[in-house]
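Student: Take a look and give me a structure for this.
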Amino acid sequence: MEVLRPQLIRIGGRVYRKNPIQEQTYQHEDEDDDCYQGLVECAEESCEGYEVVQTPQGFRCTLKAPSLLYKHIVGKRGDTRKKLEVETKTSISIPKPGQEGEIVITGQHRSGVISARTRIDVLLLTFRRKQPFTHFLAFFLNEAEVQERFLKFQEEVLEKCSMDHGVDSTIFQNPKKLHLTIGMLVLLSDQEIQQTCEMLQQCKEEFIDDISGGKPLEVEMAGIEYMNDDPGMVDVLYAKVHMKDGSNRLQELVDRVLERFQASGLIVKEWNSVKLHATVMNTLFRKDPNAEGRYNLYTTDSKYVFKERESFDGRNILKLFENFCFGTLKLNSIHISQRFTVDSFGNYASCGQIDFS
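Tutor: Just a heads-up that it's a prediction; the model follows:
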């Protein structure tokens, strides 16, 4: 039952339980317009991280949010904001659509201001999760040697396994886009992109340089594995990436970066560890060469879409190319890249990066 297993939401390092309620629905309204998701239990003492200022008129709290998310706080005909204001006995001022600024919460009672702030945070997080991913943190794996070896892998697979069900040239990754993903991001404003760049720089100063020793991490991209449970019905085949010296430094580095971004809320916490892999075959590429696996579930207007997939039989590929070596690389840069955006050479474009060598 949902009552016994309520959804848990993480905000600022804290965990809140979102209680299910019976919602009233209206004909001809989109799902996103029914914004008020239910009450969130939050004891005042657990919210000391909020900066609430006492004023001659009462109490005041401000927060920043991308303008794209304002509509989810306002709601259809302003209903969501009105309900928040009535239930928390506060006044909520929101900038006009398209204008970046601060959301201001004022009220006579500190507890009411904190309650309104908590509920707004939950609304923002709920709808941020519904946005399509816009950016990702990654190491690029598209050195010339690796691209050549990848094309050799593709050529040999098609030569030896093209008769296997679902195996054809359309499901191979573009060699210029080979990368190792650390985490996916939803960045909805220039300020959030800048915040991401600054946080990545902080990671470099606090632990990346110590782990790397200020030198590139020499890794080998070798061996292949599949994501699902049945090798006869594979959707994603990936190359494994590991340190040449046999150490765990790469895994430690990416896990700590992931942890830092999860704690900040820029990456939603789903896993405690990064799965080191470089996608080489993906059945979503059949219909969309720009698809990115499970990260391609929402359209630009936040509507959920089902991506039809035709799995392929990967048994022979796994048997014949189990230890295929794509080459060695020296990783020395983490990039912030925008999805679907490439540079003049066809590689993923970078809108920020840190170097550690």
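Student: Now do the helices in this protein.
Tutor: Ranges of helices within the chain are 70-74, 79-88, 110-128, 144-161, 190-203, 209-212, 249-264, 315-320, based on DSSP state H.
Student: for these, which one sits closest to Phe356?
Tutor: helix 209-212 (4.7 Å; C-beta to C-beta). C-beta here means a position set from N, CA and C on the backbone, and glycine is covered the same way.
Student: on contacts alone, who are the packing partners of the closest one?
Tutor: Judged by 3 or more C-beta pairs under 8 Å, 6 or more residues apart in numbering; DSSP states H and E, helix 209-212 is in contact with helix 249-264.
Student: how much space between the residue nearest to Ala222 when sequence neighbours are not counted and Gly107?
Tutor: In space, and not counting its chain neighbours, Ala222 is closest to Cys325: 4.2 Å by C-beta to C-beta, 6 or more residues apart in numbering. Note on Cys325: its distance to Gly107, by C-beta to C-beta, to the nearest Å, is 63 Å.
Student: Who has more neighbours out of the two?
Tutor: Gly107 (23 against 14; other C-beta atoms under 10 Å).
Student: can you list the domain ranges for this protein.
Tutor: 52-130, 135-355 (the TED database).
Student: Take the ones you listed and write them to a markdown table, including mean pLDDT.
Tutor: What follows is those, written out as a markdown table (pLDDT from 0 to 100):
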| stretch | mean pLDDT |
| --- | --- |
| domain 52-130 | 92 |
| domain 135-355 | 89 |
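Student: so who does Val74 touch?
Tutor: Thr80, Arg81, Ile94 (C-beta atoms under 8 Å, 6 or more residues apart in numbering).
Student: Count residues in the vicinity of the second one, would you?
Tutor: Residues near Arg81, counting by other C-beta under 10 Å, number 21.
Student: before we move on, what about the first one?
Tutor: For Thr80, the tally of surrounding residues (other C-beta under 10 Å) stands at 23.
Student: Touching, it and Ile73? I think so.
Tutor: Yes: counting by C-beta atoms under 8 Å, Thr80 does reach Ile73; the two are 6.3 Å apart.
Student: got a list of what Val167 touches?
Tutor: Val157, Leu158, Cys161, Phe312, Asp313, Ile317.
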